[in-house]
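In: Build me a model from this:
(chains A, B, C and D)
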2 protein chains.
Amino acid sequence: MTRDRPYSGRAPTIRDVAAQAGVSTATVSNVLNASGRASAKTEEKVLATIAALNFRPNGNAASLRNRRSRLIGLIVPTITNAFFAHMASALENLAGASGYDIVIVTSDEDPSRERERVLALLARQIEGLIVYPSADTSIGAGLDARMLPPSVVMDRGLGIAGFDTVGLDNEAAGHMAGRSLAELGHRDIAVLIPDIALAASRDRALGAERALREAGGRYECRVIVAGQTIDGARNALEQELHRDHRVSAVIAATNVATLGAIKAIQGLQLAMPRDISLIGFDDFAWMTAMRPFVSAVAQPIDSLASSAWDLLMTRMAERAANAATPAAPQRLIFAGELRLRESSGRVMDTKGRQASFPHKA
Amino acid sequence: MTRDRPYSGRAPTIRDVAAQAGVSTATVSNVLNASGRASAKTEEKVLATIAALNFRPNGNAASLRNRRSRLIGLIVPTITNAFFAHMASALENLAGASGYDIVIVTSDEDPSRERERVLALLARQIEGLIVYPSADTSIGAGLDARMLPPSVVMDRGLGIAGFDTVGLDNEAAGHMAGRSLAELGHRDIAVLIPDIALAASRDRALGAERALREAGGRYECRVIVAGQTIDGARNALEQELHRDHRVSAVIAATNVATLGAIKAIQGLQLAMPRDISLIGFDDFAWMTAMRPFVSAVAQPIDSLASSAWDLLMTRMAERAANAATPAAPQRLIFAGELRLRESSGRVMDTKGRQASFPHKA
DNA sequence: TCGTTTCTGTAAACCGATTTAATTGCTGCA
DNA sequence: TGCAGCAATTAAATCGGTTTACAGAAACGA
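Out: The predicted structure is shown next:
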């Protein structure tokens, strides 16, 4: 035998509690919601039966009646990327403090999957949505603001009209990295980005290029589109470094690209910053666990999260108040922070490096 | 002006569709659920109005009536730990394939918070639960199997009675690492674990010690309890290495501890594996991005996830069938895989290392 | 031709909570 | 004594779907 009673049919409902306590369901509901409508004596009695029956209200039923799910959707490309994991965690904390739950879903960078996931969230009656869109042009492959609850778009889709937006100043962040390298004498830079179609990536590359341009003289800024995987980034950079021996510095525009770049550089037996400099993006613990410590542009995750949250709450309040004229969509842009460490340094001549390539060219 | 219509009151319901299409709600429901009960002509008509009104069913209402939420809860200590993020991702994929959604909540290693989160999940009528408990003795600080939907306990709580369990063979995994080090001649080993109260940690340490014991002769296996943070692990190991100069190898029992250990070793200017050997746990991309590549015991995340999922589905089917005598709880244990890389090597005498400590002792 | 299936379709109950409007029973006061 | 005012309580409607039980019509078999 495994348990005293097999599985005791249904969970108790508010009706069971009411019957047992000898009151109406309305009264039970009142004490549940602490509306102060019940007398102390009744309240005590009801509370006692609730405890005795081990009753817990069915949130779905309440949600149906209330039209309030206390649920916020968060859609990210993948939760295995540390940046999104940290963002999710920050948002979860903010949500918890306001009595909301967050349901995280992943799009795998696929707009049609994103659409499907968003639709699933809608069916669950989410009250708000925070999205890292997988494409810049729309949420969920063309879902309209009218079909969505209050939503804020993060980072990538800075251009999607009609939505509040929060993100990094990507152009400036790229510029920061580029300028730092330019000041160290680098004029031949490769920028590793996941996807040319993503404005965030593109802007980081554009910023880097502007920095080189502003430095004056000749320069070459090679943008390498490397996909969303570590190995993709690694292979793309390895090929590039084989092809062009003049590249003396790399900017990796995401944390995934940063890892790929490091692997490529290690694999080629190049030393940072002697043979090649690297500035990565996002800043996680492993970046200061390896030698050399890797320089990187950090995103202010907590600020991004809390302003996204505030924006969302404001918008939800507005809609709840049934505002006739909603405020114009806001756009909050945060600066990245360049954390200069050991992987980026003064440019050296690259003869030594060329010698280390055993191939014909 | 912002939009043509302000915010058009309520979303359309199945009643709106029924009225507009000139049928009953039952018929609409039938075509929604493709029960084949409607004629082709009616179905077409209904589908057309659904599209015209942009109707999407309220999942909460369906869920209330069906007693099926298609929701599975997953509770992990923190989603920012790469191991849990990967586990969550694997589970999400499995769930998606079966038409379930997963809602991930975090306990922050705090049993009372865990309880609160589980209760919130219950209120949302989850049909199943997968838990990495924050303490070994129970789920949600004492929640009883009778109060929970079908649940599987992961890894840490291998001892919680009455639940299906899947996890790593922690003792064997620790033994693997310990034996490898013993074969390389190490006899003084430190094992960095997050928490002595967690059986998983303890077992890894115990396994390591057994390996040393079996190697014969004198040995010292020092278990260092270092908490759940990278810096905690780092500080604890730094202190230990200062205190005891004979320690020639470290086993870091989690990925967090591994990162902390690397930082400590780097900070002390020790070289791996010359001055000290390291075997970490869990295996993520950054472990092969740094030099030396770090040796580690990898967990078979996909196998763990899919057997947890299968177990859960089986149990849910059993309960749905209202089985009088549920099958006895299962316990699935998987072997870890030791990936020997560069951070662990033959023991050397430690004179050189002692010289690198500038302190008095 | 009549009884029996088979198809389509619907009215109404139902899931489990919340909320509104009404009711009951007191207390207080003129 | 009569009635307003208030506190405590409840019956019933409601949220938006699904499902059951039943009805009418068409098809079928003998």
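
In: contacts and neighbour counts: CA atoms only from here.
Out: Fine.

In: Return the distance of the residue nearest the centre of chain A relative to B:Pro292.
Out: The C-alpha lying nearest the average C-alpha coordinate of chain A belongs to A:Phe84 (CA atoms, centre = their mean; 3.8 Å). Plainly put, A:Phe84 is 28 Å away from B:Pro292 if you go by CA to CA, to the nearest Å.

In: that older thread, what's the per-residue pLDDT of the residue nearest to the centre of chain A here?
Out: On pLDDT, A:Phe84 comes in at 97.

In: Remind me which helix or strand it belongs to.
Out: helix A:82-97 (DSSP states H and E).

In: Show me what from the stretch 151-300 of chain A comes close to chain B.
Out: A:Leu259, A:Ile262, A:Lys263, A:Gln266, A:Ala285, A:Trp286, A:Thr288, A:Ala289, A:Met290, A:Arg291 (CA under 8 Å from any CA of the partner chain).

In: Tell me who's in contact with the second one.
Out: Shown in contact with A:Ile262 (CA atoms under 8 Å, 6 or more residues apart in numbering or on different chains): A:Arg234, B:Ala289, B:Met290.

In: Check the residues of the stretch 151-300 of chain A next to chain B for burial and list the buried ones.
Out: Among these, those scoring as buried are A:Leu259, A:Ile262, A:Lys263, A:Gln266, A:Trp286, A:Thr288, A:Ala289, A:Met290 (criterion: 16 or more other CA atoms under 10 Å in any protein chain shown).

In: And the residues you listed, which is closest to DNA strand D?
Out: Nearest to DNA strand D among these is A:Leu259, at 46.2 Å by CA to the nearest atom of the strand.

In: isn't that closest one right next to A:Gln228, touching?
Out: No. Using CA atoms under 8 Å, A:Leu259 makes no contact with A:Gln228, being 11.3 Å away.

In: which outside residues touch the longest helix along chain A?
Out: When chain A is parsed with DSSP state H, its longest helix is helix A:301-320. Helix A:301-320 has contacts (CA under 8 Å, 6+ apart) with A:86-87, A:90-91, A:94-95, A:127-130, A:150-152, A:154, A:164-167, A:326, A:332, A:334.

In: Can you measure across stretch A:15-32, start residue to end residue?
Out: 13 Å.

In: Let me see the residues that make contact with that stretch.
Out: Residues from elsewhere that reach stretch A:15-32 (CA under 8 Å, 6+ apart): A:Ile14, A:Gly36, A:Arg37, A:Ala38, A:Glu43, A:Lys45, A:Val46, A:Leu47, A:Thr49, A:Ile50, A:Leu53, A:Phe55.

In: Next, the contact list for A:Leu184, please.
Out: A:Gly345, A:Arg346, A:Val347.

In: between those residues, which has the most around it?
Out: Neighbour counts for the contacts of A:Leu184, by other CA atoms under 10 Å in any protein chain shown, peak at A:Gly345, which reaches 25 neighbours.

In: Leaving out sequence neighbours, find the closest residue to it.
Out: Distance criterion CA to CA, 6 or more residues apart in numbering or on different chains; nearest residue to A:Gly345, sequence neighbours excluded, is A:Pro273 at 5.3 Å.

In: ditto for A:Cys221
Out: In space, and not counting its chain neighbours, A:Cys221 is closest to A:Ile189: 5.0 Å by CA to CA, 6+ apart.

In: ok, that neighbour touching A:Ile224?
Out: No. Here A:Ile189 does not reach A:Ile224: they are 10.4 Å apart, not a contact under CA under 8 Å.

In: just to revisit the earlier point, out of the contacts of helix A:301-320, name the ones that lie in strands.
Out: A:Gly128, A:Leu129, A:Ile130, A:Ser151, A:Val152, A:Met154, A:Asp164, A:Thr165, A:Val166, A:Gly167, A:Leu332, A:Phe334 (DSSP state E).

In: For A:Ala252, which residues are in contact?
Out: Applying CA under 8 Å, 6+ apart, we find A:Ala252 in contact with A:Val191, A:Leu192, A:Ile193, A:Thr258, A:Ala261, A:Leu278, A:Ile279, A:Gly280, A:Phe281.

In: Let me know the distance separating whatever residue of the stretch 201-350 of chain A ends up closest to DNA strand C from chain B.
Out: Going by CA to the nearest atom of the strand, DNA strand C is nearest to A:Ala320 of the stretch 201-350 of chain A, at 13.7 Å. Counting by CA to the nearest CA, to the nearest Å, the gap from A:Ala320 to chain B is 10 Å.

In: Also A:Gly128?
Out: From A:Gly128 over to chain B the distance is 15 Å, taken as CA to the nearest CA.

In: If I follow the layout properly, that residue ends up in contact with A:Ser69?
Out: No. Judged on CA under 8 Å, A:Gly128 makes no contact with A:Ser69 at a distance of 9.8 Å.

In: Could you list the low-confidence segments of the stretch 101-250 of chain A?
Out: A:157-159 (pLDDT under 70).

In: Please name the spatially closest residue to the residue of it found nearest chain B (chain neighbours excluded).
Out: Going by CA to the nearest CA, chain B is nearest to A:Ala123 of the stretch 101-250 of chain A, at 4.9 Å. Distance criterion CA to CA, 6+ apart; nearest residue to A:Ala123, sequence neighbours excluded, is B:Gly59 at 4.9 Å.

In: Helices - which of the residues of the stretch 151-300 of chain A next to chain B land there?
Out: Going by DSSP H, the helices hold A:Leu259, A:Ile262, A:Lys263, A:Gln266 from those.

In: same for DNA strand C: which of those are within range?
Out: The subset of those within reach of DNA strand C, by CA under 7 Å from any atom of the strand, is empty.

In: Where is pLDDT lowest across these?
Out: Within these, pLDDT is lowest for A:Gln266, at 94.

In: which residues sit in contact with it?
Out: By CA under 8 Å, 6+ apart, the contact list for A:Gln266 reads B:Ala289.

In: switch the cut-off to 10 Å
Out: Under the criterion of CA atoms under 10 Å, 6 or more residues apart in numbering or on different chains, the neighbours of A:Gln266 are A:Arg234, A:Gly260, A:Met272, B:Thr288, B:Ala289, B:Met290, B:Arg291.
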